[in-house]
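Engineer: Fold the stuff below for me.
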Amino acid sequence: MKRLAKVVGIVGGAVALIWAMRDRFISVAASREPEPPVFRTTIPPRQPAIETVDGIGPVLAGRLRDAGIDDVSKLAASTPDTIAEAAGVSGARARVWIEQARSLI
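Structural biologist: Model (predicted):
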């Protein structure tokens, strides 16, 4: 009989403990704020680097960047004289680069 009382006491205590903790866990989970929605953003497409144009390597690209021409769209919008002066190349070579840049855009 003592064993039965002991088992009933342990089981009853465990049930009471679970019952008390159940309310605590449910209220914590219910009071949690939902995560704010994540909106999709459109990232503008990046222009190809100047180095993708044939004949423009790291040195010439550095000269063009120093002159403010840092992507293909700016290269395509520039004049041959501006590019020739900035990169230190001939006007004919600058025209070829501009044509290639316009075809890449």
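
Engineer: what about Gln100, how many neighbours?
Structural biologist: If you count neighbours by other CB atoms under 10 Å, Gln100 ends up with 17. Yep, even glycine has a C-beta here, placed from its N, CA and C like the rest.

Engineer: Please pull out the lowest mean pLDDT helix or strand from this protein.
Structural biologist: Across the helices and strands of the chain, mean pLDDT, DSSP states H and E gives its lowest value to helix 2-31, namely a mean of 76.

Engineer: Buried residues, that one. List them.
Structural biologist: By 16 or more other CB atoms under 10 Å, helix 2-31 has no buried positions at all.

Engineer: Pull the distance from that helix to the chain's centre.
Structural biologist: 48 Å (CA atoms, centre = their mean, to the nearest Å).

Engineer: Same question for stretch 74-86.
Structural biologist: Mean-position distance between stretch 74-86 and its chain equals 31 Å (CA atoms, centre = their mean).

Engineer: And the contacts of it?
Structural biologist: Residues outside stretch 74-86 that contact it (CB atoms under 8 Å, 6 or more residues apart in numbering) are 50, 53, 63-64, 66-69, 89-91, 93-95, 97-98, 101-102, 104-105.

Engineer: mind redoing it with 6 Å?
Structural biologist: The contact list for stretch 74-86, computed with CB atoms under 6 Å, 6 or more residues apart in numbering, reads 63-64, 67, 69, 91, 94-95, 101-102, 105.

Engineer: Export those residues as a markdown table, with columns for secondary structure and distance to Pro45.
Structural biologist: As requested, those are exported to a markdown table (DSSP: H, G, I helix; E, B strand; the rest coil; distance: CB to CB, whole Å):
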| residue | secondary structure | distance to Pro45 |
| --- | --- | --- |
| Arg63 | helix | 26 |
| Leu64 | helix | 21 |
| Ala67 | coil | 24 |
| Ile69 | coil | 19 |
| Gly91 | helix | 30 |
| Ala94 | helix | 25 |
| Arg95 | helix | 26 |
| Ala101 | helix | 15 |
| Arg102 | helix | 16 |
| Ile105 | coil | 10 |
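
Engineer: Now, of these, which are buried?
Structural biologist: 63-64, 69, 94, 101.

Engineer: Distance to Arg3 for the residues you listed - can I get that in a markdown table?
Structural biologist: Below are the buried ones among the contacts of stretch 74-86 laid out as a markdown table (distance: CB to CB, whole Å):
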| residue | distance to Arg3 |
| --- | --- |
| Arg63 | 93 |
| Leu64 | 91 |
| Ile69 | 91 |
| Ala94 | 100 |
| Ala101 | 91 |
